[in-house]
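Provide a 3D model corresponding to the input given below.
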Amino acid sequence: MTDPVVVHTDGACIPNPGPGGWGAVLRQGPHTLELCGGDPGTTTNNRMELTAPIRALEALKRTSEVHLYTDSTYVRNGIMKWVAGWARNGWMTSAKQPVKNVDLWQQLAALCDQHQVQWFWVKGHAGDEFNERADRLAARGLEEAVAAGSVT
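Coordinates of the predicted model:
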């Protein structure tokens with residue numbers, strides 16, 4: 001039996017909407033992988049919060065048990081409470097409106113089907129070492145995206 005992959009994710013967008021970044025810290029036993037990226041265009045904090053766990057799960061080479069920590073109640077509630085109903089209802093909300101960020105929700109749901117993911121919420125900016133690292137990675141992804149976007 002292998003240790004679970006422990007993942008902490010975060011997203012950032014300044015301003016919101018505006019350029020954004022995401023970060024993820026993946027740990028298993030003695031191994032750590034840090035990932036980050038961003039979007040220099042107009043995105044949202046919610047899109048970056050969703051992108052982080054997508055990129056983290058995409059990085060896994062085999063089906064894994066995953067303990068995924070996020071400081072986004074939007075992501076955690078969405079994947080744990082809302083996504084199954086949205087899919088059943090043709091990706092419409094209970095108010096019969098199209099689900100926002102449907103492309104990312106569909107990607108995340110498909111990746112969760114490939115792994116055994118347990119979701120955890122952690123309070124952001126409250127001293128959790130790995131949430132803070134994910135936050136710094138998201139900030140770096142944002143900085144790199146803005147720098148890349150300003151190159152002409």
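
in its sheet, what does the strand or helix carrying residue 19 sit against?
Assigned by DSSP states H and E, residue 19 falls within strand 18-28. The strands beside strand 18-28 in its sheet (DSSP bridges) come out as strand 5-13 (antiparallel), strand 31-43 (antiparallel).

any idea which of the ones you listed is most buried?
Among the strands paired with strand 18-28, strand 5-13 has the highest mean neighbour count (mean count of other Cβ atoms under 10 Å), at a mean of 27. Just so you know, the C-beta spots here come from the backbone N, C-alpha and C atoms, and that holds for glycine as well.

now find how far off-centre that one is within its chain.
6 Å (Cα atoms, centre = their mean, to the nearest Å).

convert the C-alpha atoms of that strand to CSV, please.
Extracted C-alpha coordinates of strand 5-13, given in CSV (Å, rounded to 0.1, in the frame of the first residue of the first chain):
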residue,chain,number,x,y,z
VAL,A,5,-0.6,11.9,-2.5
VAL,A,6,-1.2,15.0,-0.5
VAL,A,7,-2.0,18.0,-2.6
HIS,A,8,-2.5,21.7,-1.6
THR,A,9,-3.8,24.1,-4.2
ASP,A,10,-4.4,27.8,-4.6
GLY,A,11,-5.4,30.3,-7.2
ALA,A,12,-4.9,34.1,-7.5
CYS,A,13,-6.3,36.8,-9.7
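
quick one: low-confidence residue ranges for this protein.
1, 150-152 (pLDDT under 70).

show me where it has helices.
Assigned by DSSP state H, the chain shows helices spanning 45-58, 73-77, 83-88, 102-114, 129-150.

name the helices or strands packed onto the second one?
In this case it means helix 73-77. Here helix 73-77 touches helix 45-58, strand 116-121, going by 3 or more Cβ pairs under 8 Å, 6 or more residues apart in numbering; DSSP states H and E.

that'll do, ta.
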